[in-house]
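**Student:** pasting the sequence and the predicted coordinates here, then a few questions.
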Amino acid sequence: MNSELELGLERRIGKRSAAVIDKHLGITTVGGLLDYFPRRYLSRGELTPISEVPLDEDVTLIARVVSNSTRPMRARRGSLTDVVISDDAATASSRTTGAGLPGTLKVSFFNGFRARAELQPGRRAMFSGKVTRYGGSLGLTNPDFLLLDEDPDTPGMDPEKLAAMPIPVYPATAKLTSWSIQKVIATLLDTVDLATLGDPLPAGITAREQFLSVSDAYRLIHVPQVPADWQRARDRFRYQEALVLQTALARRRAQLAAEEATARRPAADGLLAAFDRQLPFTLTAGQSAVGKTLSEELARDSPMNRLLQGEVGSGKTIVALRAMLQVVDAGGQAALLAPTEVLAAQHFDSIRRTLGPLSRDGLLGGLGPDSVQVTLLTGSMPTAARKQAMLDAASGTAGIVIGTHALLSENVSFYDLGLIVVDEQHRFGVEQRDALRAKASKPPHLLVMTATPIPRTVAMTVFGDLETSILDELPAGRAPITTHVVGLAEHPAWATRIWSRSREEIDAGHQVYVVCPKIGTDDDGDFSPGEAEPSAADLDEGNGARELASVTGVLEHLRDEPALAGVPVAPLHGRQDPVLKSETMASFTANQTKVLVSTTVIEVGVDVHNATLMVILDADRFGISQLHQLRGRVGRGGLPGTCLLVTTLEPGHPSRRRLDAVAATTDGFELSQEDLKLRREGDILGASQSGGRSTLKLLRVLEHEDTIARARQDAQQIVAADPALADQPGLAAAIDEYLNPEKEAFLERG
Ligand code: ADP
Ligand code: MG
């Protein structure tokens with residue numbers, strides 16, 4: 001293995017430095033510190049000119065000392081050293097800024113013995129600190145500084161070269177500055193035996209891509225001579241990261257595929273055949289094609305592991321249900337895991353309705369050949385009902401079990417679980433998938449469905465252990481959804497127009513959804529427990545002062561709204577009693593309730609064909625994917641849908657861009673790309689990142705599509721040729737480290 005990388009830092013940089021690095025960066029090994037890459041690089045030409053230093057910001061600048069004087073402080077003991085600095089005439093910044101006038105800046109040090117001694121007139125130094133106002137003019141107080149002439153890497157260097165040399169900027173802390181880190185790493189590079197480092201990249205790939213060797217890459221990413229150096233080094237490490245990740249995923253795919261599953265072959269004349277005969281519509285071409293793939297994979301004796309992506313309303317549920325019926329025909333059970341209780345209940349009702357006479361309620365006993373028992377199992381069910389449901393799952397009486405997280409709990413077991421369907425995957429992680437798989441004696445088949453389509457590279461990383469199918473067409477007769485941004489800031493009168501518009505829909509026999517970002521008037525932005533996800537509200541702060549629309553507030557308002565006089569309105573949110581929730585949904589489904597005022601509990605999957613208008617209040621509080629999901633609830637029954645994105649933000653506000661994006665297109669792929677751009681990388685990968693806790697360093701899932709795609713192909717070939725990675729010890733070690741970053745630190749300490 002790569003013993004050099006796993007070596008304790010003190011062995012290479014000494015106890016004292018190692019202790020400092022451990023304390024401030026939590027890094028204890030040679031490999032850990034080598035992998036502590038600069039966040040960015042400054043070229044001397046990019047430094048802040050003194051004439052432009054901004055107040056209250058952290059700046060890095062290079063300047064020459066003009067004067068240095070020290071005096072005792074009057075009120076306290078100690079001394080004050082005032083250093084006046086001026087833009088260095090040799091820096092590109094002062095040459096290129098139009099003014100041409102080098103600025104001067106006062107830098108003050110309290111008890112600055114080192115500053116007093118070192119910052120002599122004429123010396124050049126780099127300063128880094130926060131700009132403050134000091135006695136009427138801008139200045140730096142106790143900044144960090146580094147004498148450039150004494151930079152260990154630059155003695156006697158010719159000025160041209162020095163000007164071109166990028167300055168690495170490390171993620172630093174207040175106590176440990178970027179250049180302290182730089183100096184320690186320089187020491188490390190001198191003492192480490194880079195030549196012995198194992199290379200995670202196969203030689204063939206390094207040659208093909210003309211990558212730097214691993215030792216050159218480490219050297220140049222930390223001590224580049226010219227910008228091209230760090231760029232080449234980064235290219236290599238970025239690819240390496242992609243390959244490690246993709247090989248880990250390819251290996252997991254291969255391992256899963258090598259497991260033995262029970263083949264669930266289609267029956268010639270079973271439930272599925274009967275179901276297809278009674279289906280009131282024809283499947284779309286996509287549904288048929290995906291259905292065929294699933295059918296074939298279920299019939300194999302290795303487990304299916306498939307991701308089904310599809311646009312909102314593309315009909316994923318039918319595809320999943322047909323797969324479940326094939327498994328039931330073959331004598332197995334199927335479980336459908338939904339992210340919320342509302343959605344689980346909704347699936348339960350609609351699947352039983354869709355099955356019609358093929359669905360059987362529990363009382364009649366044993367599993368007959370011509371019907372299947374569908375069972376609901378959620379955490380909030382009354383104890384007796386839940387016990388019965390668990391009994392039915394364990395005895396095999398229930399052919400299809402629909403539930404929430406409760407299905408994952410330890411005391412739920414199945415008689416013969418053959419297929420797991422995870423709906424609206426974005427809320428479930430790999431761990432939860434694995435917890436469910438563990439419920440079958442042999443690995444079950446797995447079908448994961450996303451709520452909205454996701455970009456290819458995200459699918460390749462977040463769901464990289466799954467094969468992908470896509471439903472890219474909507475069933476025929478699907479009416480288009482028109483989306484409008486309703487800006488109340490510029491058109492206050494539209495506030496009442498929303499409700500008269502709602503009345504028009506209701507008079508035409510249709511129904512209306514009203515979605516609010518909050519439940520009550522006095523809570524702050526609760527998206528109902530267990531259902532919150534990083535939303536737009538997390539992305540922009542600063543408009544928290546507004547009173548946001550709440551379910552209870554809007555309900556009250558609508559009671560007095562003349563346009564809706566006499567119209568049955570009902571609230572729905574996550575804090576309600578589950579019985580009340582399902583009664584409310586039932587009343588809305590039956591077209592008794594005309595207006596449903598809710599939180600995002602209806603975000604996913606809820607399916608009421610008669611609803612044609614969706615009003616989203618304070619729509620700027622929601623993320624793009626959420627809005628797209630929400631509006632997918634209307635326009636389902638062949639009736640054209642309308643979605644109103646209501647906002648009180650001014651037209652130029654950055655958050656309104658999201659609304660404009662949603663109004664501009666109904667293409668889910670385009671929108672999710674847009675959405676993910678606004679999120680932090682960690683949110684994209686989330687907990688579902690292939691079991692690994694480490695986050696990506698250089699790879700950006702959206703930006704580096706080519707790199708990821710190439711790495712995936714390479715990984716596939718590597719694993720196919722050498723599943724145990726016997727010929728790639730460097731790669732195997734890097735994967736271990738990626739999947740289990742705590743391990744070495746643990747060994748080191750233990
Ligand atoms: P999603 O992919 O968003 O989960 P659903 O599975 O909820 O979509 O399907 C949306 C609606 O479309 C459901 O009412 C379903 O019965 C209907 N549907 C599904 N497939 C077809 C089809 N081929 N033709 C007509 N309607 C369909
Ligand atoms: Mg769905």
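**Tutor:** Structure's in. What do you need? Ligands and ions are numbered 1, 2, ... in the order given.
**Student:** up against ligand 1, what does the stretch 251-400 of the chain have?
**Tutor:** Contact residues, the stretch 251-400 of the chain versus ligand 1 (CB under 6 Å from any ligand atom): Phe281, Leu283, Thr284, Gln287, Gly310, Val312, Gly313, Ser314, Gly315, Lys316, Thr317, Ile318. For glycine as for every other residue, the C-beta is placed from the backbone atoms N, C-alpha and C.
**Student:** at 5 Å instead, please
**Tutor:** Phe281, Leu283, Thr284, Gly310, Val312, Gly313, Ser314, Gly315, Lys316, Thr317, Ile318 (CB under 5 Å from any ligand atom).
**Student:** repeat that for the stretch 401-550 of the chain.
**Tutor:** Applying CB under 5 Å from any ligand atom, we find that the stretch 401-550 of the chain lies next to ligand 1 at Pro475.
**Student:** so where is the stretch 401-550 of the chain shaky, pLDDT-wise?
**Tutor:** Low-confidence segments of the stretch 401-550 of the chain (pLDDT under 70): 425-433, 522-546.
**Student:** would you map the strands across it?
**Tutor:** Taking DSSP state E, counting those that start in this stretch, the strands of the stretch 401-550 of the chain run over residues 417-422, 445-449, 467-471, 481-487, 511-515.
**Student:** so who does the residue in the stretch 451-600 of the chain that ligand 1 sits nearest to touch?
**Tutor:** Relative to ligand 1, the nearest point of the stretch 451-600 of the chain is Pro475 (3.2 Å; CB to the nearest ligand atom). Pro475 sits next to Phe281, Thr284, Gly313, Ser314, Gly315 when contact means CB atoms under 8 Å, 6 or more residues apart in numbering.
**Student:** redo that, cut-off 6 Å
**Tutor:** Thr284, Gly315 (CB atoms under 6 Å, 6 or more residues apart in numbering).
**Student:** buried subset of the residues of the stretch 251-400 of the chain next to ligand 1?
**Tutor:** If you count burial by 16 or more other CB atoms under 10 Å, the buried members of those come out as Leu283, Thr284, Gly310, Val312, Gly313, Ser314, Gly315, Lys316, Thr317, Ile318.
**Student:** nearest residue to Val372 other than its sequence neighbours?
**Tutor:** Residue nearest to Val372 in three dimensions, not counting chain neighbours: Gly399, with 3.8 Å by CB to CB, 6 or more residues apart in numbering.
**Student:** swap in Asn111?
**Tutor:** Gly78 (4.9 Å).
**Student:** check Ala476 too.
**Tutor:** By the measure of CB to CB, 6+ apart, the closest residue to Ala476 outside its immediate chain neighbours is Thr284, 7.4 Å from it.
**Student:** that neighbour contacts Glu473, correct?
**Tutor:** Yes: Thr284 lies in contact with Glu473 (CB atoms under 6 Å); the separation is 5.4 Å.
**Student:** before we move on, back to that, what's the farthest-apart pair in the buried ones among the residues of the stretch 251-400 of the chain next to ligand 1?
**Tutor:** Leu283 and Val312 (17.9 Å; CB to CB).
**Student:** re the thing from before, the residue nearest to Val372: what's it in contact with?
**Tutor:** By CB under 6 Å, 6+ apart, Gly399 lies in contact with Val328, Gln333, Val372, Gln373.
**Student:** and the third one, its phi and psi?
**Tutor:** The phi and psi values for Val372, taken as degrees, to the nearest 10, are phi -130, psi 140.
**Student:** now it: how far from ligand 1?
**Tutor:** Separation of Val372 from ligand 1 (CB to the nearest ligand atom, to the nearest Å): 18 Å.
**Student:** which ones are touching that residue?
**Tutor:** Applying CB under 6 Å, 6+ apart, one finds that Val372 lies in contact with Leu271, Val328, Gly399, Ile400.
**Student:** for Glu297, see how far away the third one is.
**Tutor:** I take that to be Gly399. Taking CB to CB, to the nearest Å as the measure, Gly399 falls 20 Å from Glu297.
**Student:** equivalent analysis for the last one, please.
**Tutor:** Relative to Glu297, Ile400 is positioned 19 Å away (criterion: CB to CB).
**Student:** show the contacting residues for Ile481.
**Tutor:** So Ile481 contacts Arg631, Gly635, Gly641, Cys643 (CB under 6 Å, 6+ apart).
**Student:** which one of the residues you listed sits closest to ligand 1?
**Tutor:** Ligand 1 has its nearest neighbour among the contacts of Ile481 in Gly635, at 10.5 Å by CB to the nearest ligand atom.
**Student:** for the closest one, what are its contacts?
**Tutor:** Contacts of Gly635 by CB under 6 Å, 6+ apart are Ala479, Ile481, Gly641.
**Student:** same thing but at 7 Å, please
**Tutor:** Applying CB atoms under 7 Å, 6 or more residues apart in numbering to Gly635 gives the contacts Arg478, Ala479, Pro480, Ile481, Gly641.
**Student:** please apply the same query to Thr196.
**Tutor:** Glu4 are the contacts of Thr196 under CB under 7 Å, 6+ apart.
**Student:** so how far is Ser215 from it?
**Tutor:** 9 Å.
**Student:** report the closest residue of the stretch 1-150 of the chain relative to ligand 1.
**Tutor:** Closest point on the stretch 1-150 of the chain to ligand 1, by CB to the nearest ligand atom, is Arg39, at 40.6 Å.
**Student:** is it true that that residue touches Pro168?
**Tutor:** No: assessed by CB atoms under 7 Å, Arg39 is found out of contact with Pro168, at 8.5 Å.
**Student:** what's the burial count for Ser380?
**Tutor:** Using other CB atoms under 10 Å, Ser380 has 12 neighbouring residues.
**Student:** what pLDDT does the closest residue to ligand 1 within the stretch 51-200 of the chain get?
**Tutor:** Relative to ligand 1, the nearest point of the stretch 51-200 of the chain is Pro200 (39.9 Å; CB to the nearest ligand atom). Per-residue pLDDT puts Pro200 at 92.
**Student:** so the lengthiest helix in the chain versus strand 445-449, what angle?
**Tutor:** Longest helix in the chain, counting residues (DSSP state H): helix 227-258. For helix 227-258 against strand 445-449, the angle by axes from the mean of the first three to the mean of the last three CA atoms, to 10 degrees is 130 degrees.
**Student:** can I get whichever helix or strand comes after helix 227-258 in PDB, CA atoms only?
**Tutor:** Tracing the chain past helix 227-258, the next element assigned as helix or strand by DSSP states H and E is helix 271-278. Below are the C-alpha coordinates for helix 271-278, written out as PDB (Å, rounded to 0.1, in the frame of the first residue of the first chain):
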ATOM      1  CA  LEU A 271     -52.300 -10.700 -12.600                       C
ATOM      2  CA  LEU A 272     -50.100  -8.600 -15.000                       C
ATOM      3  CA  ALA A 273     -51.800 -10.000 -18.000                       C
ATOM      4  CA  ALA A 274     -55.200  -9.300 -16.500                       C
ATOM      5  CA  PHE A 275     -54.100  -5.900 -15.500                       C
ATOM      6  CA  ASP A 276     -53.000  -5.000 -19.000                       C
ATOM      7  CA  ARG A 277     -56.300  -6.200 -20.400                       C
ATOM      8  CA  GLN A 278     -58.200  -3.800 -18.200                       C
END
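**Student:** could I get the buried residue list for helix 271-278?
**Tutor:** For helix 271-278, the neighbour count (16+ other CB under 10 Å) marks Leu271, Leu272, Ala274, Phe275 as buried.
**Student:** repeat that for stretch 563-576.
**Tutor:** Neighbour counts over stretch 563-576 (16+ other CB under 10 Å) mark Ala563, Leu564, Val567, Val569, Ala570, Pro571, Leu572, His573, Gly574, Gln576 as buried.
**Student:** average pLDDT across it?
**Tutor:** In this model, stretch 563-576 has an average pLDDT of 92.
**Student:** output that stretch as PDB, nothing but the C-alphas.
**Tutor:** Extracted C-alpha coordinates of stretch 563-576, given in PDB (Å, rounded to 0.1, in the frame of the first residue of the first chain):
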ATOM      1  CA  ALA A 563     -64.800  36.000  -4.900                       C
ATOM      2  CA  LEU A 564     -64.700  32.700  -3.000                       C
ATOM      3  CA  ALA A 565     -67.900  33.200  -0.900                       C
ATOM      4  CA  GLY A 566     -69.600  29.800  -0.300                       C
ATOM      5  CA  VAL A 567     -66.700  27.800  -1.800                       C
ATOM      6  CA  PRO A 568     -65.500  24.800   0.300                       C
ATOM      7  CA  VAL A 569     -61.900  25.400   1.300                       C
ATOM      8  CA  ALA A 570     -59.800  23.000   3.300                       C
ATOM      9  CA  PRO A 571     -56.300  23.100   4.800                       C
ATOM     10  CA  LEU A 572     -53.700  20.400   4.500                       C
ATOM     11  CA  HIS A 573     -50.300  20.300   6.200                       C
ATOM     12  CA  GLY A 574     -47.800  18.000   7.800                       C
ATOM     13  CA  ARG A 575     -48.700  18.800  11.400                       C
ATOM     14  CA  GLN A 576     -52.200  17.600  11.000                       C
END
